[in-house]
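A.B. asks: need coordinates for the following:
(one chain, ligands or ions: 1)
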Amino acid sequence: LTVRQRPGSKQLIREINEALVMDTVRRHGTVSRATISTTTGLSPATVTGITGKLREAGYLDESGTLPTSAGRPTRLLSLSKTGVRAIGIRLSANVVDAVALNLSGDVVMVHTEPWQGGSHENAVDAIELAISNLRSRFAHGERVIGVGVAVSGIVDHSLGLVAHSGSLDWEEVQLRDLLADRLGVPIEIDSYVNAFALGLLLFNQRTLRDALIVNVGASIGMSLVIGGRIYRGADGTAGGLAHTQVVLTGDDGRPCHCGNTGCLETVASQWGIESELVRRGAVVNPELLVSQTSDPVLGDVLAHAGDVLGRAVANAARMFGPSQVLMAFAGGLRSERWVDRVRDAFSTAYMHDNRPTPDLEIVTADNTSWAYGAGCEVLAGLFHVDVEVEPAS
Ligand SMILES: [Zn+2]
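C.D. replies: Okay, the predicted model is just below:
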């Protein structure tokens, strides 16, 4: 929930109070109105008013009672399991992966819609088709409260803008507004890796206060979790590890799809690895990385990529001092030999003095994990409050 209002506005206070109540229920699972009142500091009457409104809108359910010594049992509230759905989308160059989530972040439906790639008009059509498929399976009365879309590339979350996506071959696409016009519900647009990070953060799957999350797939992304929140930078595009410079001399500069040369993306993303294999005259097979690591050219390309990637992540870790570094490899890219190389390069590059090296955890992400995170972007708006106060005019 981002509210742009003058301080003291009644609307602003109401929205903040609703998010506080929703967040208290999310944290407790099931909770009484009295506990909500003591936790939030809102008066019992205000809590009764807000919870009544949230129940009417289908956000909260009454679920069970607590016996009390005073006779009348206390009724407990929980997040509604039915009625309201958030949709998460992972948009790749040839497929739309869609999931429907309930308010507790459970995946209740999935659908995969192939598309041809190309223009953003085609993408909007394919996303609409995927959502129609999910909606056709909704129970009577169920409704969509928002759609989150994860896109590979440089995304300005606050503007809903895909600034650059190499895999989609897009520049400056105002995807949020295009989708909002078509679908008529609130839309969130974010990078794969920020969506993935939010999926880990929102329902406390992980206690991540200060962490770097690095996504390694068709392209490379990094999410900076600082103080338990995703840090987005002044222009909304923080975490640009992919386009940091790692090739300075020789190696013909390695042209990148961003227009620069020598980016990490050209060395260690799937796109970069495949481009390098082509340059060396190797036969490229999309399944090559996991199945044929004994191939000498591939082995050499992966070893170099692993050394560079591990070092780049260690450099980023030095700057931000995270307690944890989590790298998520796309399933098709995960070869144990390569992962070991990344791990070795990370710890070698990080080792400098007697300070401990942060934990490096390596996980495999499937397409659903990014779509799930995109759905969590919608749900986060119900629980979190970011107040941007407009300057007085
Ligand atoms: Zn680049």
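
A.B. asks: any residues touching stretch 354-364, and which ones?
C.D. replies: With contact meaning C-beta atoms under 8 Å, 6 or more residues apart in numbering, stretch 354-364 is reached by 313, 317, 321-331, 334, 339, 342-343, 346-347, 350-351. (Each C-beta comes from the backbone N, C-alpha and C, glycine too.)

A.B. asks: on the three-state scheme, the most centrally placed residue in the chain is what?
C.D. replies: Centroid-nearest residue in the chain, with C-alpha atoms, centre = their mean: A195, separated by 0.7 Å. Classification of A195 by DSSP: H, G, I helix; E, B strand; the rest coil places it in helix.

A.B. asks: hang on, it packs against C376?
C.D. replies: Yes - between A195 and C376 there is a contact under C-beta atoms under 8 Å: 7.3 Å.

A.B. asks: which neighbours do the two have in common?
C.D. replies: Shared contacts of A195 and C376, defined by C-beta under 8 Å, 6+ apart, are found at G88, G148.

A.B. asks: now do the strands in the stretch 101-250 of the chain.
C.D. replies: Secondary structure of the stretch 101-250 of the chain (DSSP state E, counting those that start in this stretch): strands located at 107-114, 143-151, 154-156, 161-165, 170-173, 187-191, 211-216, 220-226, 229-231.

A.B. asks: and V193, what is it in contact with?
C.D. replies: With C-beta under 8 Å, 6+ apart, V193 has these contacts: I213, V214, N215, G221, M222, S223, G239, A328.

A.B. asks: now those residues as a markdown table including neighbour count, distance to R182 and pLDDT?
C.D. replies: Shown next, in a markdown table, are these (neighbours: other C-beta atoms under 10 Å; distance: C-beta to C-beta, whole Å; pLDDT from 0 to 100):
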| residue | neighbour count | distance to R182 | pLDDT |
| --- | --- | --- | --- |
| I213 | 28 | 31 | 96 |
| V214 | 26 | 33 | 97 |
| N215 | 30 | 28 | 95 |
| G221 | 28 | 26 | 94 |
| M222 | 26 | 31 | 96 |
| S223 | 30 | 28 | 95 |
| G239 | 24 | 29 | 89 |
| A328 | 25 | 30 | 94 |
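
A.B. asks: ok, which pair from these is furthest apart?
C.D. replies: G239 and A328 (13.5 Å; C-beta to C-beta).

A.B. asks: re earlier: any idea which of the strands of the stretch 101-250 of the chain gets closest to the ion?
C.D. replies: Closest to the ion of these, according to C-beta to the ion: strand 161-165, at 8.8 Å.

A.B. asks: please see if the closest one touches the ion.
C.D. replies: No - with C-beta under 5 Å from the ion as the criterion, the ion is not reached by strand 161-165; the gap is at least 8.8 Å.

A.B. asks: quick check: angle from that strand to strand 143-151?
C.D. replies: 30 degrees (axes from the mean of the first three to the mean of the last three C-alpha atoms, to 10 degrees).

A.B. asks: ok so, going back, kindly give a single PyMOL line that selects the buried subset of the contacts of stretch 354-364.
C.D. replies: Applying 16 or more other C-beta atoms under 10 Å to the contacts of stretch 354-364 leaves a buried subset, and the PyMOL line that selects it is:
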select buried, resi 313+317+322+324+325+326+327+328+329+330+334+339+342+346+350
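
A.B. asks: now, the contacts of stretch 354-364 that are in helices?
C.D. replies: V313, A317, V339, V342, R343, F346, S347, Y350 (DSSP state H).

A.B. asks: in a markdown table: the residues you listed, plus pLDDT and distance to the ion.
C.D. replies: A markdown table is the format used below for those (pLDDT from 0 to 100; distance: C-beta to the ion, whole Å):
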| residue | pLDDT | distance to the ion |
| --- | --- | --- |
| V313 | 97 | 17 |
| A317 | 94 | 21 |
| V339 | 91 | 23 |
| V342 | 95 | 20 |
| R343 | 95 | 25 |
| F346 | 95 | 21 |
| S347 | 92 | 26 |
| Y350 | 87 | 24 |
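
A.B. asks: I'd like to know which of those is nearest to G49.
C.D. replies: Minimum distance to G49 across the ones in helices among the contacts of stretch 354-364 is 47.2 Å, recorded for A317 (C-beta to C-beta).

A.B. asks: need the contact list for that closest one.
C.D. replies: L212, V325, F346, Y350, P358.

A.B. asks: now for the residues you listed: which two are most distant?
C.D. replies: By the measure C-beta to C-beta, L212 and Y350 form the most distant pair in the contacts of A317, at 11.8 Å.

A.B. asks: TSV for the contacts of V193, including distance to L277?
C.D. replies: Formatted as TSV, those follow (distance: C-beta to C-beta, whole Å):
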residue	distance to L277
I213	27
V214	22
N215	21
G221	22
M222	24
S223	28
G239	27
A328	23
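
A.B. asks: quick one: low-confidence parts of the stretch 1-150 of the chain?
C.D. replies: Within the stretch 1-150 of the chain, the segments meeting pLDDT under 70 span 1-9, 70.

A.B. asks: tally of neighbours for the residue in the stretch 1-150 of the chain positioned nearest to the ion?
C.D. replies: Proximity of the stretch 1-150 of the chain to the ion (C-beta to the ion) peaks at A93, 17.3 Å away. Residues lying near A93 (other C-beta atoms under 10 Å) number 16.

A.B. asks: what's the answer for V363, then?
C.D. replies: Other residues within reach of V363, judged by other C-beta under 10 Å, total 13.

A.B. asks: near the ion, which residues of the protein?
C.D. replies: Checking the chain against the ion by C-beta under 5 Å from the ion, the hits are H243, C256, C258, N260, C263, E265.

A.B. asks: so which of those are in helices?
C.D. replies: E265.

A.B. asks: farthest pair in the residues of the chain next to the ion?
C.D. replies: Among these, N260 and E265 lie farthest apart (C-beta to C-beta), at 9.3 Å.
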